[in-house]
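got a predicted model here, sequence first, then my questions.
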Amino acid sequence: MRSLRIAAAALVFAYGTACVAEPVLPTIFSDHMVLQRSAEIRVWGKADPSEKIVVRIADRSGTATADGAGRWSVRLPALSAGGPFTLTVEGKKKVVFKDVMIGEVWIASGQSNMSYGLSGADGAAVEVPKADYPQIRLFTVPKKVALSPQESTSAAAWQICTPDTAKSFSAVAYFFAREIHERLNVPVGVIQSAWPGTPIEEWIDPDALRADAELNPILEEWNRSSSAEKQFAEQGQSFELEFDDFELIPAAPSSGAKSLANFDDGTSRTSYGGSFNYSWADAPDSGFDLVSPGRGSSGFAARVSGKLDEAQDSFLTANYRVDRAPVDLTPYAGIRFWVRGNGQFRFKSLQPTIYDWDDYAVPMLKATADWQPVTVWFRDLRQEGWGVVMPFTQNSLSGFKIENLTTLGYPHTPVSGLYEGMITPLVPFAIRGAIWYQGESNALKAHQYRKLLPALIASWRKAWENQNLEFLIVQLPNHGAIPDQPGESAWAELREAQLQTVEHVPHTGLAVTIDVGDPKDLHPHRKLEVGQRLALWALGTIYKEPIVYSGPLYESVKIAGPEIRVQFTQVGSGLETRGGGALEGFAIAGADHKFHWADARIEGDTVIVSSREVPDPVAVRYAWGDSPQCNLFNKDGLPASPFRTDDWPGITGDH
């Protein structure tokens, strides 16, 4: 495996140099790739200056001559769906790509709910074993932050969809690709380029932000970052941390501390029989070893050192038992250990009931050149709150991990850093479009998202030189507080920004997910419906299938005395109340802007809304809240999008 990594790294390095021994292509070209059908095929790379290049696939061929910098590009006429084919690139030497398919190619981008793997989705025990689709191909873009356009990704390759490759791939993207493949009977390629917790501005071309007076301040704020942060974004930073003499502090003052690990015997074992281990795969430019002397000029200490960049995570993990079984630490009040070095760190306790990495932790701490004691009291541990809130189980703890950081801690990620690092390496590889699941990180600035999302779409279309590039958006699901009274909501405003984008930007679509979220979990597990609804929109609009592809969308209102009649598009076979009973989720307000829950009934393709508390209504809202109780669907099983008819100021920005 190590030799394979070195070879792949050498290939990427060779692509970035001007003088190469043979034609070298970006990593997006590999065996098992899918090329977009019915679109001009773009093939490009590097070779020796003035080297003649011939590219062939099926009965298509084209030639180019490398320029003074060694760059070349070939355009081939479009092909219909099919395969497998062989793509050859021949200069002084020949490069051959096998098992190449022609079909539909999509980018799947966004934050954690897009990168959320199939193995964690509802029904994974059934879905993963049957994820065997030879004509679905998967490509994962490695995480990378950059300050300028990149010519290739880090080492990566296309993979055939199998249970083993699909389980860690985006669940939403997988279900989307499966639906498209089964309905159209063509090969499908999906390029996953996503990063948990990222705001949308990191995915936008900086020129698009710079050109807009309202968005340019976002870019200027990054430009004011420290030189150290800018250097870290481009080159990473070195760090070195040493840890020693871990002990458990007894809850009873009369008892003595219990040694947990001191490394004096030259091993990383704990007193419970477990051991410390290190995540080399997540931080390949760093390492963990035992060094002598430890604290007190004897024995050993655990050292973690090397270099970290924005894409790397360094964790030193201690499992209390060798089988990772939990232990009961209720006799103890906390853990004490010693640390020295150059960097910062966080202590995170591990318990079996937490599965989403929102572990109980302490704030970031800074190491010094001299040994200093650190005491972690169990009573001070807290979850950050973005995951599922769980009680602290001191009677069932499996270990802890120390997150190692440079002296910068968590530095700012550069605006446009993911566009440069994870989108530009894909251009101009032909694609049909993108599916986008993001917005959680921008919810508190939802009003600004009205401009950011169209800016992102426009910048990607400009990069691909395709103003009709399809863009399908997952509207944020229900998450957070269930409102007992009508009120304002940042998440509702973000959903509105997504809906408005689809209303005003051509060749866009919306998958409404207000019914498949989880009020207590930022990462809802129902990914099947999300992927299917994205696919329905694509099938019904892009691929012209005669299907109902959307739930009801607000169109207009008519006010008649105490009632408001709401008209919808996309009613399909008609409106209905999901689950029977009364319609829920509608609120109504008069000129005082005060909303009250409303009575609502379906009448044909409209909904009639009223409230005895609002005799002269002027505005209606539906499903306006973080986790609203709402049940308006069409009879084809698709939910209505949340909406409001007013344009009154919200809580995330002025109107």
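Everything's here; your move.

ok, the residue positioned nearest the centre of the chain to residue 438 distance?
With distances taken as C-alpha atoms, centre = their mean, residue 111 lies nearest the centre of the chain, 2.2 Å away. With the distance defined as C-beta to C-beta, to the nearest Å, residue 111 ends up 5 Å from residue 438. All C-beta spots, glycine's among them, are computed from the backbone N, C-alpha and C.

now do the shared contacts for those two.
With contacts defined as C-beta atoms under 8 Å, 6 or more residues apart in numbering, the residues shared by residue 111 and residue 438 are residue 198.

residue 327 contacts residue 320, correct?
Yes. Using C-beta atoms under 8 Å, residue 327 is in contact with residue 320, at 4.7 Å.

show me which of these two is the more surrounded one.
residue 320 (23 against 16; other C-beta atoms under 10 Å).

distance of residue 545 from residue 435?
Residue 545 is 17 Å from residue 435, by C-beta to C-beta.

the two - which one has more neighbours?
Taking other C-beta under 10 Å, residue 545 and residue 435 do not tie; residue 435 has more neighbours (29 against 13).

report pLDDT for the more buried one.
For residue 435, the pLDDT comes out at 98.

what pairs with whichever helix or strand it is part of, parallel or antiparallel?
Assessed by DSSP states H and E, residue 435 sits inside strand 433-437. Applying DSSP bridges to the sheet, strand 433-437 is found paired with strand 94-110 (parallel), strand 470-474 (parallel).

and after that strand, which helix or strand comes next?
Following strand 433-437 in sequence order, the next helix or strand is helix 446-463 (DSSP H and E).

just how off-centre is that following helix within its chain?
Centre-to-centre, helix 446-463 and its host chain are 17 Å apart (C-alpha atoms, centre = their mean, to the nearest Å).

same deal with stretch 51-65?
In terms of C-alpha atoms, centre = their mean, the centre of stretch 51-65 is found 37 Å from the chain centre.

list the buried residues of it.
For stretch 51-65, the buried set under the neighbour-count rule, 16 or more other C-beta atoms under 10 Å, comprises 51, 53, 55-58, 60, 62, 64.

and it, how far apart are its ends?
Stretch 51-65 has an end-to-end distance of 6 Å (criterion: C-alpha to C-alpha, to the nearest Å).

cool, and stretch 138-153?
End-to-end for stretch 138-153, by C-alpha to C-alpha: 15 Å.

what about the strands in the stretch 501-650 of the chain?
508-511, 553-560, 563-569, 575-577, 586-589, 595-597, 599-603, 606-610, 619-622, 632-634, 643-644 (DSSP state E, counting those that start in this stretch).

neighbouring strands - and their directions - for the fourth one?
When pairs are called by DSSP bridges, strand 575-577 turns out to pair with strand 632-634 (antiparallel).

quick one: the strands in the stretch 201-350 of the chain, in order.
Using DSSP E, counting those that start in this stretch, strands in the stretch 201-350 of the chain cover 237-250, 258-261, 275-278, 286-291, 301-308, 314-319, 332-342, 344-350.

so which of those strands is nearest residue 524?
Ranking these by proximity to residue 524 (C-beta to C-beta) places strand 344-350 first, at 23.3 Å.

who's in contact with whichever helix or strand comes after the closest one?
Remark: after strand 344-350, the chain's next helix or strand is strand 360-361, criterion DSSP H and E. Defining contact as C-beta under 8 Å, 6+ apart, one finds that strand 360-361 is touched by 346-349, 351, 354, 381-384, 392.

how far out from the middle of the chain is strand 360-361?
23 Å.

does anything pack onto the helix or strand following that strand? Which helices or strands?
Counting by DSSP H and E, the element after strand 360-361 in chain order, helix or strand, is strand 365-366. Other helices and strands packing on strand 365-366, by 3 or more C-beta pairs under 8 Å, 6 or more residues apart in numbering; DSSP states H and E, are strand 344-350.

could you give the angle of the strand it packs on to strand 332-342?
150 degrees (axes from the mean of the first three to the mean of the last three C-alpha atoms, to 10 degrees).

what sits against the closest residue to residue 204 other than its chain neighbours?
Nearest residue to residue 204, sequence neighbours excluded (C-beta to C-beta, 6 or more residues apart in numbering): residue 456, at 4.7 Å. Residue 456 sits next to 200, 203-204, 208, 436 when contact means C-beta under 8 Å, 6+ apart.

hang on, the earlier thing: give me the common contacts of residue 327 and residue 320.
Contact criterion C-beta under 8 Å, 6+ apart; residues shared by residue 327 and residue 320: 272, 397-398.

got JSON lines for those, with distance to residue 23 and neighbour count too?
Shown next, in JSON lines, are those (distance: C-beta to C-beta, whole Å; neighbours: other C-beta atoms under 10 Å):
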{"residue": "272", "distance to residue 23": "56", "neighbour count": "17"}
{"residue": "397", "distance to residue 23": "55", "neighbour count": "21"}
{"residue": "398", "distance to residue 23": "50", "neighbour count": "21"}
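
tell me the spacing between the residue nearest to residue 487 when sequence neighbours are not counted and residue 519.
Spatial nearest neighbour of residue 487, excluding adjacent residues (C-beta to C-beta, 6+ apart): residue 625 at 7.0 Å. Separation of residue 625 from residue 519 (C-beta to C-beta): 10 Å.

overlap in contacts, those two.
Common contacts of residue 625 and residue 519 (C-beta under 8 Å, 6+ apart): 481-482.

before we move on, back to that, show me how to select, in PyMOL, the buried members of the contacts of strand 360-361.
In PyMOL syntax, the buried subset of the contacts of strand 360-361 is picked out as below (16+ other C-beta under 10 Å):
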select buried, resi 346+347+348+349+351+354+381+383+392
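
using JSON lines, lay out the contacts of strand 360-361 together with pLDDT.
Formatted as JSON lines, those follow (pLDDT from 0 to 100):
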{"residue": "346", "pLDDT": "98"}
{"residue": "347", "pLDDT": "98"}
{"residue": "348", "pLDDT": "98"}
{"residue": "349", "pLDDT": "98"}
{"residue": "351", "pLDDT": "97"}
{"residue": "354", "pLDDT": "95"}
{"residue": "381", "pLDDT": "97"}
{"residue": "382", "pLDDT": "97"}
{"residue": "383", "pLDDT": "96"}
{"residue": "384", "pLDDT": "92"}
{"residue": "392", "pLDDT": "98"}
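
relative to residue 77, which of the contacts of strand 360-361 is nearest.
Nearest to residue 77 out of the contacts of strand 360-361 is residue 384 (C-beta to C-beta; 52.6 Å).

narrow the buried residues of stretch 51-65 to those in strands?
53, 55-57, 60, 62, 64 (DSSP state E).

on that earlier part again, distance to residue 187 added to the contacts of strand 360-361, as JSON lines?
Converted to JSON lines, the contacts of strand 360-361 look like this (distance: C-beta to C-beta, whole Å):
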{"residue": "346", "distance to residue 187": "44"}
{"residue": "347", "distance to residue 187": "48"}
{"residue": "348", "distance to residue 187": "43"}
{"residue": "349", "distance to residue 187": "46"}
{"residue": "351", "distance to residue 187": "44"}
{"residue": "354", "distance to residue 187": "39"}
{"residue": "381", "distance to residue 187": "49"}
{"residue": "382", "distance to residue 187": "48"}
{"residue": "383", "distance to residue 187": "43"}
{"residue": "384", "distance to residue 187": "41"}
{"residue": "392", "distance to residue 187": "49"}
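
which one of the contacts of strand 360-361 is nearest residue 85?
residue 354 (47.2 Å).
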